[in-house]
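Peer 1: okay, here's the prediction I keep looking at, along with the sequence it came from:
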Amino acid sequence: MISPFLRSTALGLALAGPALAADPSLDLVGPLSDYKIFVAENTAQLVSDAEAFTAAIKAGDLDKAKALFAPTRTSYERVEPIAELFSDLDVSIDARADDYEKAEQDPGFTGFHRIEYGLWSEGSTQGLEGHADRLLADIRELDSRITALTFPPEVVVGGAAVLMEEVAATKISGEEDRYSRTDLWDFDANFEGAEKIYTLFRPLIADGEADFVAKVDGNFQAVREVLAKYETPEGGFVSYEELTDSDRNILSAKVNTLAEDLATLRGKLGLG
Ligand SMILES: [Cu+2]
């Protein structure tokens, strides 16, 4: 879930006024419609993955449910830059226990991380059936909303920066997947999602901003190289506990720089 505080500070400007490209030759329509296709592909994948994940929970298959948890989340984490556009569902799908008064015991705590708590900390699928139904319903609702959803360019481009900020500020501490330690799967998907946005808009500025583009490309590349060290042969990631301090420091530095640089991308595109 995206912190409302980070959202409001980083998007405050963008939401305050109409966004007009400074340079009329900057055609945002193409990248935006390509991005919408990317989001729709991911939410469709999320629906089918969530069907299998929730079916395993309801069948009482603990091992299968645990195995499907992280891969099911990846398509959600890839679209997290625009979570602002469906913030009600982001809360019910992806909130942390800390957001609730009674933490894990709070009846308002739902979604992936409530299920994660049950599967890992309580070691059982028992009592998770209702949470599984709710999660699948929320995910289907999200997928059905995408077609009609308007994607404001300042929210899409700003969202990539905000997500990097969020990774640097909170996710790097390992808060997101604290019961399963599958955080590296989420990081990888978050970077993919932010890089997708950057890559789609990059051609619009590449000519005039060669240094900027080289720097951002290099930082995404550096992050990919660190994460690649932790990939498993099956295409997943090892436990977050295996991340060394020095790699955590590299990731943290790169993510902070990416957050700053992507925050300036909005201005470079004339998005205020
Ligand atoms: Cu998340």
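Peer 2: Yep, that arrived. Numbers count the residues shown, from 1 in each chain.

Peer 1: I'd guessed residue 259 sits against residue 159; true?
Peer 2: No - contact criterion C-beta atoms under 8 Å: residue 259 and residue 159 do not qualify, at 11.7 Å. C-beta here means a position set from N, CA and C on the backbone, and glycine is covered the same way.

Peer 1: more neighbours: the two, which one.
Peer 2: Neighbour tally, residue 259 and residue 159, criterion other C-beta atoms under 10 Å: the higher count belongs to residue 159, 29 against 22.

Peer 1: so the more buried one lies in a strand, does it not?
Peer 2: No - checked against DSSP: H, G, I helix; E, B strand; the rest coil, residue 159 lies outside a strand; its state is helix.

Peer 1: pretty sure it contacts residue 81?
Peer 2: Yes - at 3.5 Å, residue 159 counts as touching residue 81 under the criterion of C-beta under 8 Å.

Peer 1: what touches both of the two?
Peer 2: Shared contacts of residue 159 and residue 81, defined by C-beta atoms under 8 Å, 6 or more residues apart in numbering, are found at residue 197.

Peer 1: now do residue 176, the pLDDT please.
Peer 2: Residue 176 carries a pLDDT value of 96.

Peer 1: and it, helix, strand or coil?
Peer 2: Relying on three-state DSSP, one would call residue 176 coil.

Peer 1: ok, it - contacts?
Peer 2: Taking C-beta under 8 Å, 6+ apart, one finds 96, 113, 170, 183, 186 in contact with residue 176.

Peer 1: where do the helices sit along this protein?
Peer 2: Remark: helices assigned in the chain by DSSP state H are 4-16, 29-58, 62-78, 87-94, 112-116, 129-146, 153-169, 183-205, 210-228, 245-268.

Peer 1: can you list the domain ranges for the chain.
Peer 2: 26-151, 152-271 (the TED database).

Peer 1: span of the last one from start to end?
Peer 2: Distances were taken as C-alpha to C-alpha, to the nearest Å; on that basis the terminal residues of domain 152-271 are 10 Å apart.

Peer 1: so how far is it from its chain's centroid?
Peer 2: Relative to the centre of its chain, domain 152-271 is centred 10 Å away, using C-alpha atoms, centre = their mean, to the nearest Å.

Peer 1: now stretch 255-272
Peer 2: 18 Å.

Peer 1: quick one on the thing from earlier: rank the helices of the chain by pLDDT, which is bottom?
Peer 2: helix 4-16 (a mean of 45).

Peer 1: tell me how many other residues surround residue 70.
Peer 2: Count around residue 70 with other C-beta under 10 Å applied: 23.

Peer 1: got the contact list for it?
Peer 2: Residue 70 touches 177, 180, 182, 185-186, 236-237, counting by C-beta under 8 Å, 6+ apart.
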